[in-house]
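K.L.:
have a look at this prediction, sequence included:
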Amino acid sequence: MMTFGALLGSLELGMIYAVLALGVFLSFRTLNMPDLTVDGSIVTGMAISAVICAGGGHPLLALLGAFAGGCLAGLLTGLLHTRLKIQAILAGILVMMASYSVNLRIMGKTPNIPLTKSETIYKIADRLLPPQYAGMVLNLVLLAVIIAVLYLFLQTRLGFVFRATGDNEDMVKACGVSCDSMKLLGLALSNGLVGLAGGMLAQNQAFADINSGVGMMVIGLASVILGEVIFGTKTLLRRLIAAALGA
């Protein structure tokens, strides 16, 4: 019974990391850019989500705030890269390091925020569904919605241009499209998903910690690479699902 419970817990956590993996997929695979902002933006999402929940705000509003916070971190990385011409990997490192102070300020200068007495989406799910499976079902629904939205977006005209920017930047420039705008969009969306994963993680484990971002970039990259190797990359939908399953 304990083994079954541990398996459910692993699947529940894996689905949260799947959202992180989809964010890394957008920057690492679609834009073909190594983005190290992830270790900072995931904590930004956790911090915003925890502060809103601890303050009595609605958990879904906390997740929207986490997504917005991640977007801002990615946008800052994009601006450093496109406007100041700093290499993408260095821009990500700079924002990742700077975000430590910002995240600590968001958390009210405390390194840890407990959510044991605060309302979260997982506590709501426990009241509506069997507690043993509530978290897993909720994460599965959220993950399916995110994959569907990403797939539909990447199938639009803007999505095709976004994908083409990572495949052949010179061709996109020759078509009169601003590659810098596509990079800003991609990094913002990528880190927005990472921030959303952080918000979900904070509510799932009922706390946010300033040091929780260590190694998250490695988890995201490993998920994408493992998923592609095991499940294949023939179609766009298959690549998105593979990245999620890799987590």
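P.N.:
Looks like it came in fine.

K.L.:
pretty sure Gly108 sits in a strand.
P.N.:
No. Note on Gly108: no strand contains this position according to DSSP: H, G, I helix; E, B strand; the rest coil, which reports coil.

K.L.:
leaving out sequence neighbours, find the closest residue to it.
P.N.:
Leaving aside its chain neighbours, Gly108 sits nearest to Val51 (7.3 Å; criterion: Cβ to Cβ, 6 or more residues apart in numbering). Placement of C-beta: from N, CA and C, glycine included.

K.L.:
same for the one helix or strand the one you found maps to, what does it pack against?
P.N.:
Val51 belongs to helix 38-54 when assigned by DSSP states H and E. Here helix 38-54 touches helix 2-25, helix 59-82, helix 88-106, strand 112-114, helix 179-205, strand 207-209, helix 216-231, going by 3 or more Cβ pairs under 8 Å, 6 or more residues apart in numbering; DSSP states H and E.

K.L.:
do that again at 10 Å, thanks
P.N.:
The contact analysis (3 or more Cβ pairs under 10 Å, 6 or more residues apart in numbering; DSSP states H and E) places helix 38-54 against helix 2-25, helix 59-82, helix 88-106, strand 112-114, helix 121-128, helix 179-205, strand 207-209, helix 216-231.

K.L.:
what about Ile106, how many neighbours?
P.N.:
Ile106 has 21 neighbours, counted by other Cβ atoms under 10 Å.

K.L.:
how close does it get to Tyr133?
P.N.:
From Ile106 across to Tyr133, the span is 33 Å (Cβ to Cβ, to the nearest Å).

K.L.:
if we ignore the residues flanking it in sequence, what's nearest Val82?
P.N.:
Check again: residue 82 is Thr, not Val. Excluding the flanking residues, the one nearest Thr82 by Cβ to Cβ, 6+ apart is Asp180, at 4.0 Å.
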